[in-house]
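# Sequence first, predicted coordinates after that:
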Amino acid sequence: MARVVVVTSGKGGVGKTTSTAALGAALAQAGEHVVVVDFDVGLRNLDLVMGAERRVVFDLINVVQGDAKLHQALIRDKRIETLSLLPASQTRDKDALKPEGVAKVIAELREKFDWVICDSPAGIERGATLAMRHADIAVVVTNPEVSSVRDSDRIIGLLDSKTERAERGERIDKHLLLARYDAVRATRGEMLKVEDVLEILSIPLLGIIPESEDVLRASNLGVPVTLNSPASAPTRAYLDAARRLRGETVVMTFPSQKRSLISRLLGRKAIA
Amino acid sequence: MNLFSFFRRRRSAPVARERLQVLLSHERGNGGDSELLAVLRDEILRVISAHLTIDDDKVQVKLERGQAVSLLEIDIEVPGRLDQQIRKRRRPTGPPLLPAPST
């Protein structure tokens, strides 16, 4: 049975789009049929992070409005056969996204794919609520930083009240993905620790993604980080998170402070 | 991190720059080219369906935006043999478009 996942956060810039691409790629690498859907109408970026920006023909709004068929708007990833992208529209008309249309598209995607991963826009407006509306599972992306944690708490409240599942009195699975975690700064007490965030938000931990230059490099190149740097720390964290989403029990790896020889010579900090 | 990755790291920004330049030159020129593409697709389909029976679901529009040239590709799956389809459709109004096969 297909599962619909929303990747959400409330706050912008915490790593929703990067995480959508990485989790989508990780699940597809494991052989699952995955579609990643960009809900950020007017400010799409998932296409860019996935490296498909030159191939966008039709988008979510075209499908919702009936101007294009779903299969015409889906972009098949060139590297992983089982991964597809449904891009958002660049239109300025935010109201173009209609709830009934979205429901229809999600239902159609459920039939075609094992995983439907919705990349939510920042904020708590229409786009964000529509992105979470049909979700079975929510991945709440949070940075260890006060405003991000506060916004995540608001989003968790919305997940428990505004989603279809919540309205039916069912439970929506919520997971915390702690991104841009800097173990060095957390050890120094400059940054909230994993335990702090978990205690405040009290939802289960899906993974800890260390702050890493591999993530920036991957988005520069338009390749999900799990494909671009297969041996990197963020990739390991995303692959483990994807396995947990699939229901496996995987021991949590906590990023620790490790400095390689060259980074010591250069005086840089690396997280391994 | 090793020496190789140290040097490779420097190379991703120029790629990012080039990708953005191509993308933005297209986006600034026309914000909603999906509308143009939908019109193009519909008109091309109208011309073709005057001669051939085609299924809307078997039409795939592909686009690859480039710096100097873009490639617009429209794949239309035609059921059966093309020549037979054409003769079938044309017979009432005029002579066949293709000569009859010799066999």
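Noted; the coordinates are in hand. Numbering: from 1, shown residues only, chains lettered A, B, ... in the order given.

# Compute the number of surrounding residues for the closest residue to chain B within the stretch 101-250 of chain A.
Of all residues in the stretch 101-250 of chain A, A:N220 sits closest to chain B, at 3.7 Å by C-beta to the nearest C-beta. Every C-beta, even on glycine, is put in place using the N, C-alpha and C of the backbone. Other residues near A:N220 come to 20 when the count uses other C-beta atoms under 10 Å in any protein chain shown.

# Kindly report the same for A:N45.
20.

# Who are the contact partners of it?
Residues in contact with A:N45 (C-beta atoms under 8 Å, 6 or more residues apart in numbering or on different chains) are A:17, A:38.

# where's it relative to chain B, distance?
The gap separating A:N45 from chain B is 11 Å, by C-beta to the nearest C-beta, to the nearest Å.

# hang on, the earlier thing: I figured the residue of the stretch 101-250 of chain A closest to chain B hits B:A16, correct?
Yes - look at A:N220 against B:A16 with C-beta atoms under 8 Å: they come within range, at 3.7 Å.

# Check what pLDDT the residue of the stretch 101-250 of chain A closest to chain B gets.
Predicted confidence (pLDDT) at A:N220: the value is 95.

# so the spatially closest residue to B:R41 that is not a sequence neighbour bridges to which residues?
Leaving aside its chain neighbours, B:R41 sits nearest to B:V61 (5.3 Å; criterion: C-beta to C-beta, 6 or more residues apart in numbering or on different chains). Beta-bridge pairing for B:V61 (DSSP bridges): B:I74.

# residue contacts, B:V61?
When contacts are counted by C-beta under 8 Å, 6+ apart, B:V61 is found next to A:57-58, A:72, B:37, B:41, B:72-75.

# 6 Å instead?
A:57, A:72, B:41, B:74 (C-beta atoms under 6 Å, 6 or more residues apart in numbering or on different chains).

# pLDDT weak spots in the stretch 101-250 of chain A?
Filtered on pLDDT under 70, the stretch 101-250 of chain A yields no residues whatsoever.

# Point out the residues in it that sit beside chain B.
Residues of the stretch 101-250 of chain A found near chain B, taking C-beta under 6 Å from any C-beta of the partner chain as the criterion, are A:217, A:220-221.

# how many other residues sit next to the closest residue to A:M252 other than its chain neighbours?
Counting by C-beta to C-beta, 6+ apart, A:M252 lies nearest to A:L205, which is 6.6 Å off, once chain neighbours are set aside. The burial metric for A:L205, expressed as a neighbour count using other C-beta under 10 Å, is 17.

# And A:L205, its phi and psi?
According to degrees, to the nearest 10, the main-chain angles of A:L205 amount to phi -90, psi 130.

# Isn't it up against A:H175?
No - between A:L205 and A:H175 there is no contact under C-beta atoms under 6 Å: 7.3 Å.
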